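J.: Give me the fold of what follows.
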Amino acid sequence: MSSEVLLVSAPGKVILHGEHAVVHGKVALAVALNLRTFLRLQPHSNGKVGLNLPNIGLRRAWDHVEKLKEVAGFPEDCMDPERLSVLAFLYLYLSICQGQSAAYSVCLAAALLTACEEIPNPLKDGEAAS
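T.: Got it, this is the predicted structure:
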């Protein structure tokens, strides 16, 4: 995982027409808003994942893999690939599918994919974003 601090953002959106029509192959009209969600991903050496959502007053830290093992009822020393696959699914499901905004989900996915070097960081070293 990358050791650099990442800052990503995504615009809000509004669907003006056809929100549910797209599931039937129809056209929808959507526009981006000049409101953005920002996410900063900062690696820590203590092995814990921290979450700070200042707009809603939430600050937590935990060892994410151990917590998921506990929730799924797996033994602490479990390293079985099938069970780890279940943990990965649970983590993403709980992170993304619990009603957060699409912009938040996009920011989270982009930051994690960039940190794990699955997608390139669009900014070059030392380049500022506007």
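J.: alpha carbons only for contacts and neighbour counts from here, please
T.: OK.
J.: and whichever strand or helix holds residue 114, what's its mean pLDDT?
T.: Residue 114 belongs to helix 102-115 when assigned by DSSP states H and E. Per-residue pLDDT over helix 102-115 has a mean of 81.
J.: just stretch 51-68 next, same as before
T.: Stretch 51-68 shows a mean pLDDT of 75.
J.: rewinding a little: ok, residues contacting the helix holding residue 114?
T.: Applying Cα atoms under 8 Å, 6 or more residues apart in numbering, the contact partners of helix 102-115 are 1-4, 6-12, 36-41, 96, 119-121.
J.: neighbours around residue 29, how many?
T.: By the measure other Cα atoms under 10 Å, the count of residues near residue 29 is 11.
J.: Wait, it touches residue 16, no?
T.: Yes. In terms of Cα atoms under 8 Å, residue 29 counts as a neighbour of residue 16; the distance is 5.5 Å.
J.: Report the secondary structure state of the residue lying farthest from the centre of the chain.
T.: Relative to the C-alpha centroid of the chain, counting by Cα atoms, centre = their mean, residue 26 is the outermost residue, at 28.7 Å. Using DSSP: H, G, I helix; E, B strand; the rest coil, the secondary structure recorded for residue 26 is coil.
J.: for residue 121, same thing?
T.: coil.
J.: Identify the residues contacting it.
T.: Taking Cα under 8 Å, 6+ apart as the test, what residue 121 contacts is residue 114.
J.: what helix or strand does residue 70 sit in?
T.: helix 64-72.
J.: So which residue is dead centre in this structure?
T.: Centre-most residue of the chain, counting by Cα atoms, centre = their mean: residue 108, 2.2 Å.
J.: rewinding a little: among the contacts of helix 102-115, which are located in strands?
T.: Within those, membership in strands is found for 6-12, 36-41, as judged by DSSP state E.
J.: For ChimeraX, what selects the buried ones among those?
T.: For the buried members of the ones in strands among the contacts of helix 102-115, the matching ChimeraX selection, counting by 16 or more other Cα atoms under 10 Å, is:
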select :6,8,9,10,11,12,36,37,39,41
